[in-house]
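S.K.: Could you look at this predicted model? Sequence included:
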Amino acid sequence: MKKIIIILLAVLSIVMVYNNFNKSENVKIPDSAIRFRVLANSNSPRDQKIKEDVRDKMQKELYTLLENSKSIKEARGLISDNMHNFNNILSKEMEDKDYSYTIDYGMHEFPEKTYKGITYEAGEYESLLVTLGEGKGDNWWCVLFPPLCLMEAEETNTDEVEYKSFIKEIIEKYF
């Protein structure tokens, strides 16, 4: 009887976990947030790699710039005051590429995006937008302020994650 109860609990747990992973939550980014977005020229592997390189360079600079900002007003001022620095970074990164780029800080349209089970609503959002070439490839974006993507970019020890199975532990304990 004890084994049957444990098996039923295990099956129930699996069903609950499965249902939670398949739920999607709609989220609207608050008005007090600033996004950072990089649009690739195209979806070719080369253009996607260039997008990732630009993203990495810009994130490093943005992290240094915004890590201590306390308010959206302060973050806006820092971004506006450093547009020439961002342009210099992009100019250097793009100097041997066969297409141009633009960088703009303001209100920009974003499509709906689902990431890690959360659906971010489409809409017009305050953002720092880098468009590479024609900007027709897949994009990358994150929330710049509050510095959610900057904190995520700072995490470098992601290989040391340990996964445990609750069900496996129950089975090992009782069987």
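M.R.: In hand now; what should we look at?

S.K.: who's in contact with E52?
M.R.: The neighbours of E52, taking C-beta atoms under 8 Å, 6 or more residues apart in numbering as the test, are W140. C-betas here are computed from N, CA, C, even on glycine.

S.K.: In what element of secondary structure is it found?
M.R.: Following DSSP states H and E, one finds E52 within helix 45-66.

S.K.: For that helix, give the mean pLDDT please.
M.R.: Mean per-residue pLDDT for helix 45-66: 94.

S.K.: Quick check: buried residues in it?
M.R.: The neighbour-count check on helix 45-66 (16 or more other C-beta atoms under 10 Å) flags D47, Q48, I50, K51, V54, R55, M58, Q59, L62, Y63, L65, L66 as buried.

S.K.: Setting aside sequence neighbours, what's the nearest residue to the second one?
M.R.: Put plainly, it is Q48. Counting by C-beta to C-beta, 6 or more residues apart in numbering, A40 is the residue found nearest to Q48 once chain neighbours are left out, at 5.6 Å.

S.K.: tally of neighbours for that neighbour?
M.R.: 26 (other C-beta atoms under 10 Å).

S.K.: residue ranges with poor pLDDT in the protein?
M.R.: 1, 5, 8-13, 15-31, 115-116, 147-175 (pLDDT under 70).

S.K.: What segments of it are helices?
M.R.: 2-22, 45-66, 72-81, 83-94, 148-154, 166-174 (DSSP state H).

S.K.: Dump the buried residues of helix 45-66 into TSV; add distance to G117 as well.
M.R.: Formatted as TSV, the buried residues of helix 45-66 follow (distance: C-beta to C-beta, whole Å):
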residue	distance to G117
D47	28
Q48	24
I50	29
K51	24
V54	28
R55	23
M58	27
Q59	23
L62	26
Y63	26
L65	31
L66	27
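
S.K.: sorry, back to before: can you give me the angle the helix holding E52 makes with helix 72-81?
M.R.: For helix 45-66 against helix 72-81, the angle by axes from the mean of the first three to the mean of the last three C-alpha atoms, to 10 degrees is 120 degrees.

S.K.: how far off helix 83-94 does helix 45-66 point, in degrees?
M.R.: 150 degrees.

S.K.: what's the nearest residue to S127 if we skip its chain neighbours?
M.R.: Take S127 and drop its neighbours on the chain: the residue closest to it by C-beta to C-beta, 6+ apart is R35, 3.9 Å away.

S.K.: oh sorry, the question was meant for E126
M.R.: Nearest non-adjacent residue to E126 (C-beta to C-beta, 6+ apart): I34, at 5.1 Å.

S.K.: Let me know how buried S71 is, in neighbour terms.
M.R.: 11.

S.K.: Great, nothing more from me.
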